[in-house]
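[1] next input, structure requested:
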Amino acid sequence: MKRLLVLMGLVLFLTACKKTVGEGKITITVTTKAGVPIQNCNIKLTYPESPESEWGVDYFLDKTDINGEVSFSSKLNAYFDVYTWKGIWEGCDYVEFEPGKTKSKTVIIYPPNTPFNGCF
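    Now for the predicted structure:
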């Protein structure tokens, strides 16, 4: 009987200590080099290792709001490449999703014929 009580106590202790981790959230703000937010800017997040077969997601696609912001949520713990564009202005960066954490990132887009325009 003692063994049963000890075993039940151990199981209860181990299950009570389990953490529940929610989705990670990333808020991306797109601006010019001068810091002006860009609304209706396209943003595409892609995972460089082809997660479609592993997680069923290979990209997120959205547009920024009037404040130049857009938010994405994911349960993945992974890095995503960020590609932004509006017309011929472009910008690139990366973000890291961490389950249970909220992060923000500013991505700058550049006009054509500048050394930083486009992704390489």
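[2] quick one: contacts for the residue nearest to residue 25 when sequence neighbours are not counted?
    Spatial nearest neighbour of residue 25, chain neighbours left out: residue 102 (4.5 Å); criterion: CB to CB, 6 or more residues apart in numbering. In short, each C-beta sits where N, CA and C put it, glycine included. By CB atoms under 8 Å, 6 or more residues apart in numbering, the residues touching residue 102 are 24-27.
[3] cool, and residue 105?
    Residue 105 touches 26-29, 82, 93, 95, counting by CB under 8 Å, 6+ apart.
[4] now it, what are its backbone angles?
    Main-chain torsions, residue 105, degrees, to the nearest 10: phi -150, psi 140.
[5] any idea what it is bridged to?
    Beta-bridge pairing for residue 105 (DSSP bridges): residue 28.
[6] cool, the one 5 residues further on as well?
    Using DSSP bridges, the beta-bridge partners of residue 110 come out as residue 90.
[7] what about it, how many neighbours?
    16 (other CB atoms under 10 Å).
[8] distance of it relative to residue 76?
    29 Å (CB to CB, to the nearest Å).
[9] buried ones among the contacts of residue 102?
    Neighbour counting by 16 or more other CB atoms under 10 Å classes 24-26 among these as buried.
[10] hang on, the earlier thing: tell me which two in the contacts of residue 105 are the farthest apart.
    Taking CB to CB, the two most distant members of the contacts of residue 105 are 27 and 93; they sit 13.3 Å apart.
[11] so residue 94 bridges to which residues?
    For residue 94, the beta-bridge partners under DSSP bridges are residue 81.
[12] touching, it and residue 78? I think so.
    No. Residue 94 lies out of contact with residue 78 (CB atoms under 8 Å); the separation is 10.5 Å.
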